[in-house]
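Engineer: Okay, predicted coordinates and the sequence, questions at the end:
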Amino acid sequence: MPVDKNAQSGISRSPLNFSWLVLMAWRDSRRSRSRLFLFISSIILGIAALVAIYSFEYNLRQDIDTQAKGLLGADMVIETNKPVKKDILPVLMTLGTERSEERTFASMVFFPKNQGTRLVNVRALKGGYPYYGSIETTPSSAGRSFRDAKEALVDKTLMLQFDSNVGDSVKVGELTFKIAGILNKAPGQTGFSASVAPVVYIPLRYLEQTGLSQKGSRINYNFYYRFDDNVNVDVLADKLEPRLEKAEMDAETVESRKEDTGRSFEDMTEFLALVGFVALLLGCIGVASAIHIYIKEKINTIAVLRCLGASSKQAFIIYLIQIVGIGMVGSLIGAVLGTLIQQFLPLVLKDFLPVEITVAISWAAIAQGLLLGLVISVLFALLPLVSVRNISPLNTLRLSFQETSLFKDPVKWLVYAIIVLFVFAFTYLQMGSIRKTIYFTGGVLFAFIVLSALAYAMMWLARKFFPSSWSYLWRQGFANLFRPNNQTLILVVSIGLGTAFICTLFFVQDILINRVTMSSSKNQPNMVLFDIQSEQRQAVSDLTKRMNLPIIQEVPIVNMRMTAIKGRDASSFKKDTTAWSAQRALEREYRVTYRDSLSDSEKIIDGKWSGNYSGSNAVSVSLEEGFAKRIDVKIGDKLTFNVQGAPLETVVGSIRKVDWNRIQTNFLLIFPKGVLEEAPQFHVLLTRVPSNEISANFQRVVVKNYPNISMIDLGLVLSVLDEILTKMGFVIRFMAAFSIITGLIVLIASVLISKYQRIRESVLLRTLGASRRQILVITALEYFFLGALAAGAGIILSLLASWGLAKFSFETNFSPEILPVLVLFTIISGLTVLIGLFNSRGILNKPPLEVLRSEV
Amino acid sequence: MDIILNIQNLTKTYQSGGNTLTVLNDISFELESGSTMSIVGPSGSGKTTLLGLCAGLDRSSSGMVELNHIKLNNLSEDQRAQVRNQHVGFIFQNFQLLPTLTAIENVMVPLELRGEKNIRSRAADLLDKVGLADRGHHYPSQLSGGEQQRVSLARAFSNSPKILFADEPTGNLDAETSEKVVKLIFDLNKEAGTTLVLVTHDLELAAKTQRILRVKGGSLISDELTTTETPDKINYAGR
């Protein structure tokens, strides 16, 4: 029979009086409330960021729902990038109660007023589209009226660029149109897409006369339909699918567009939420470290309580209640702040959004933020809090607090495990992919481990190679890095992570810009002419030479589809769920070239290059390394192609390594000479123009003589890319700011806590006769060393991350710029010193005894 | 007479850098309920360790501690906390008041821990007895050392302990204040019939108790009765 030990020993158990524990938690916090608030303030911004993003996401989803019809402009769109087959035409022409037709393609346009040319997205439209929403123009009537005359709508960025006004003219192909209005927004268009490919609308009936609808031009065909309200458009789309698939066409409905749009923004909000989450995690590290120190200061109180008969559980709960309380307050403030910040997000993100964003308070987002803040602050605070259980009442007689080693206290391991599990679960909820979740959680863990390791290594090195010959003040400041109660670990992790964040963003932006600018360097082509028809090739080449421009490369391009890999066609791969790449490979269209030699950016790594087809064996083609790997083929494997109607059997003859970083035409597939010469094809010409004037002049002459030829000016691409990166960079920086400011708050909190740690020492030094200046120098040096260590560790981490990104993701060289890094390093170290000194001013300005009485 | 504290063969050792350090070595004695006793000895002799073990603040390496007939050796830390709450009062050299609680709240804590209700008036009475009726709402930092120790005294008696342990109760006080505090300790002790165990350097103070244990180098070197009025019988089981 079990024996009650308490009963046996004559001890009666006192009740675990919860209301008393709450009262005690309240009483105990009396002198620490502002400090507790400071601790928790580091999670406020993380919560604010998440609540802002979540609110934005909820509102966006709602706006997509309500504006979905306007996104598509119709009930259904049927689209293809190939000429419409005759047998599907009767279907296309009879669907819906109203229908419109549109062809879109890239082409040069010419502004006669100032002789400007630019590659644009031409949309030739017929019918009443859009049926929902409108083509927004100035004047507003132009969105409808242009269809009835030889008139065009021109995107507002183009109008500005070429200083054009309504009533001026624009030449599209061989036809000149009067500009009827400025195009402000087309259905589903974002500010972002307008700057990449500005749109010019023309009436469809004039397309033929522009001469741009020749065979070989890459035209997209869109058919827009409006249906009666009683028609279930999605069911109809499903019904049509087999016939459309046969005709190589796709149908899109309001519902599917809604899903697609929602999905693409899910990625964005997912990314932003993770950035916010990193800020929150960073704040939590701050909370854990602050509570650690707080508990250390409470050892005596806890020991007295234990002495008077409080159980370890009661002592633990008293402090847990405090944490829950401030966690709630912190989360609440974060949620309010997040709801305010949300007002600005649509401003920041408007260029990326196809819908008008409304700003409404999202209670779901606020609830999510509150819960998250509470759970995560308690989880991280638990790490130091579990030590409360082990504080002995013996501390009342003599202070001998020895921290329980992690290895000895299994509960601490449990808390660590729960934290990792929580981060994992939260990330999974955001991303919905185990693989991505593992990468993210692993990445965050790695960053924390690397930074902690750096901090420990620095402490070890500082101790090991202690500069004994330095002056007293320097030694004192330096020794504070590794003496008991040092802040090295927490500051290196928190400030380091913030620094790493900013630095990596900067480096990545630099890598991307460098990659493009590199190609605009000397001897590299900076202008590409494409869509040159075979009969124009010689003339264009002569024209280029006449204008004293070099012909750097001239390549023929044939469009084709792959119909079988190793004898297996698409239907055979469809059953095989593991052959996703092969399925994709059989769905897409290939632009291939033929030539008898390799370019200097290519190298054969397997098989044998054959540049000429002898006519006897199967045609031997050369594949790019990665492409061969994706579709899982080796030398000798068979590939079957459909070259615009004609089947063609080939065999993999060689595999090439290609340097994709060069601006030149590179190909996944290369045919030998002697096979494709007679196939329908167009040509690409690469040249280098030495200046903007010559570029403009050359474009003008080519567009005038050969309106079907499109030209890409790399200078323009660069400026567009720069614009995009600046906008994206702003969004990312906006979010990263949360991490950075959190880092600063953690810094302020840590420095404030260390003030409590150092106060006795500073007062003692003051008592022993240290001057104000001496204390100031010691403090400044300690914080300088800390700031420098933290910033240095962050920069090292970001160098590692950026190098990895450059090498493995962008496949380019990484040569970081030193000056901005030095500036960042100086700012972070300087800020740390300033905050440190600002917080210490109390000690410096008051008499020692007064400080001791009021602070301790 | 009833034995309130029974110590048998008590030994306390610490491991330090691979060496075993014996702080207390084979100490035995018994203490009658209601009596007063001091433990004296030079610094580092082990007297505070002995007090900690007797009061159940620490666990011995070997030997037995029986407090109010409860063997403390086999109890968990939380069970020992219960014993302290029900049977033990403490007075410390550095007062050990909770800095965030007012004087009256400090006195109330032991009773609150027991889950008792309507305790404010009892706490106020106790404060009145130590002469601090009007200082109940002051925080420890607003009180002088002597006042803090008087609050600590009120707290020690608040749970009507069977035994009171005092660790250098006058160590941080001036002579005049010390005298007042000592008088209060003995008066309250007499009134409540509590057993008192004092650890002190002050031989004059020790002489006011009925019995003096002398500790040196971790061992009990003498156990003497003083001329102070003694209870009927003193059990002595030491060396």
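Structural biologist: Received it, and whenever you're ready, just let me know what you need. Numbers count the residues shown, from 1 in each chain, chains lettered A, B, ... in the order given.

Engineer: From now on I want contacts and neighbour counts done on CA atoms only, so please keep to that.
Structural biologist: Fine.

Engineer: Would you mind listing what in chain B touches chain A?
Structural biologist: B:48, B:52, B:57-58, B:70-71, B:77-86, B:89-90, B:92, B:96-101, B:109-110, B:112-115, B:167 (CA under 8 Å from any CA of the partner chain).

Engineer: Where does the residue in the stretch 151-300 of chain A positioned nearest to chain B fall, secondary structure wise?
Structural biologist: Minimum separation of the stretch 151-300 of chain A from chain B (CA to the nearest CA) falls at residue A:300, amounting to 7.9 Å. Using DSSP states H and E, residue A:300 sits in helix A:254-307.

Engineer: Could you check how far the nearest residue to residue A:649 once chain neighbours are set aside is from residue A:561?
Structural biologist: Distances taken as CA to CA, 6 or more residues apart in numbering or on different chains place residue A:640 nearest to residue A:649, at 4.7 Å, with adjacent residues excluded. The spacing between residue A:640 and residue A:561, counted by CA to CA, to the nearest Å, is 9 Å.

Engineer: Next one: the residue most central in space within chain B, what pLDDT does it get?
Structural biologist: Centroid-nearest residue in chain B: residue B:165, 0.6 Å away (criterion: CA atoms, centre = their mean). Reading off the confidence values, residue B:165 has pLDDT 94.

Engineer: got it, and residue A:179?
Structural biologist: On the pLDDT scale, residue A:179 gets 94.

Engineer: could you list every residue that touches it?
Structural biologist: A:151, A:152, A:153, A:154, A:165, A:166, A:167, A:168, A:169, A:170 (CA atoms under 8 Å, 6 or more residues apart in numbering or on different chains).

Engineer: and it, what element?
Structural biologist: strand A:175-185.

Engineer: that older thread, ok and the next helix or strand after the helix holding residue A:300 relative to helix A:254-307, angle-wise?
Structural biologist: Using DSSP H and E, the helix or strand that follows helix A:254-307 towards the C-terminus is helix A:312-341. Helix A:312-341 runs at 150 degrees relative to helix A:254-307, counting by axes from the mean of the first three to the mean of the last three CA atoms, to 10 degrees.

Engineer: buried residues in helix A:312-341?
Structural biologist: Buried residues in helix A:312-341, defined by neighbour count with 16 or more other CA atoms under 10 Å in any protein chain shown: A:312, A:314-341.

Engineer: ok, which of those residues also contact chain B?
Structural biologist: Applying CA under 8 Å from any CA to these, those adjacent to chain B are residue A:312.

Engineer: Scan the contacts of residue A:179 and report the most crowded one.
Structural biologist: residue A:152 (32 neighbours; other CA atoms under 10 Å in any protein chain shown).

Engineer: right, and that residue touches residue A:183 too?
Structural biologist: No. The criterion here is CA atoms under 8 Å, and residue A:152 misses it with residue A:183 at 9.4 Å.

Engineer: Mind listing the shared neighbours of those two?
Structural biologist: residue A:200.

Engineer: Low-confidence ranges, the stretch 101-250 of chain A, go.
Structural biologist: A:191-196, A:214-217 (pLDDT under 70).

Engineer: what's the strand or helix carrying residue A:223 packed up against?
Structural biologist: Assigned by DSSP H and E, residue A:223 belongs to strand A:220-226. Judged by 3 or more CA pairs under 8 Å, 6 or more residues apart in numbering or on different chains; DSSP states H and E, the packing partners of strand A:220-226 are strand A:76-80, strand A:98-111.

Engineer: Residue A:666 is nearest to which of those?
Structural biologist: Closest approach to residue A:666 among the helices and strands packed on strand A:220-226 is made by strand A:98-111 (20.5 Å; CA to CA).

Engineer: Just give me how far whatever helix or strand comes next after that closest one sits from the chain centre.
Structural biologist: Counting by DSSP H and E, the next helix or strand C-terminal to strand A:98-111 is strand A:116-126. Taking CA atoms, centre = their mean, to the nearest Å, one finds strand A:116-126 lying 31 Å from the centre of the chain it belongs to.

Engineer: returning to that earlier point: does the residue nearest to the centre of chain B touch residue B:51 like I think?
Structural biologist: Yes. Applying CA under 8 Å, one finds residue B:165 in contact with residue B:51, separated by 7.3 Å.

Engineer: Spit out the residues that contact the two alike.
Structural biologist: Common neighbours of residue B:165 and residue B:51 (CA under 8 Å, 6+ apart) are residue B:199.

Engineer: So which bits of the stretch 201-350 of chain A are right by chain B?
Structural biologist: The stretch 201-350 of chain A comes close to chain B at residues A:300, A:301, A:304, A:306, A:307, A:308, A:309, A:310, A:311, A:312, as judged by CA under 8 Å from any CA.

Engineer: Quick check on those residues: which are buried?
Structural biologist: A:300, A:301, A:304, A:306, A:307, A:308, A:309, A:310, A:311, A:312.

Engineer: thinking again about what came up before, now narrow the contacts of residue A:179 to whatever sits close to chain B.
Structural biologist: Of the contacts of residue A:179, not one also sits near chain B (CA under 8 Å from any CA).

Engineer: from these, which is closest to residue A:799?
Structural biologist: For the contacts of residue A:179, the nearest to residue A:799 is residue A:154 (44.7 Å; CA to CA).

Engineer: Against residue A:166, how distant is the closest residue to residue A:213 other than its chain neighbours?
Structural biologist: Leaving aside its chain neighbours, residue A:213 sits nearest to residue A:207 (6.8 Å; criterion: CA to CA, 6+ apart). Taking CA to CA as the measure, residue A:207 falls 21 Å from residue A:166.

Engineer: Residue B:188 too?
Structural biologist: Relative to residue A:166, and taking CA to CA, residue B:188 is found at 102 Å.

Engineer: can you pull the pLDDT of the closest residue to chain B within the stretch 201-350 of chain A?
Structural biologist: Nearest to chain B, among the residues of the stretch 201-350 of chain A, is residue A:309, at 4.2 Å (CA to the nearest CA). Note on residue A:309: pLDDT of 88.

Engineer: same thing with residue A:681?
Structural biologist: Value for residue A:681, per-residue pLDDT: 87.

Engineer: re the thing from before, could you give me the ChimeraX selection string for whichever of the residues of chain B next to chain A are buried?
Structural biologist: Buried subset of the residues of chain B next to chain A, written as a ChimeraX selection, criterion 16+ other CA under 10 Å:
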select /B:48,52,57,58,70,71,77,78,79,80,81,82,83,84,85,86,89,90,92,96,97,98,99,100,101,109,110,112,113,114,167
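
Engineer: Which ones among the residues of chain B next to chain A map onto strands?
Structural biologist: Within the residues of chain B next to chain A, residues falling in strands by DSSP state E are B:70, B:71, B:89, B:90, B:167.
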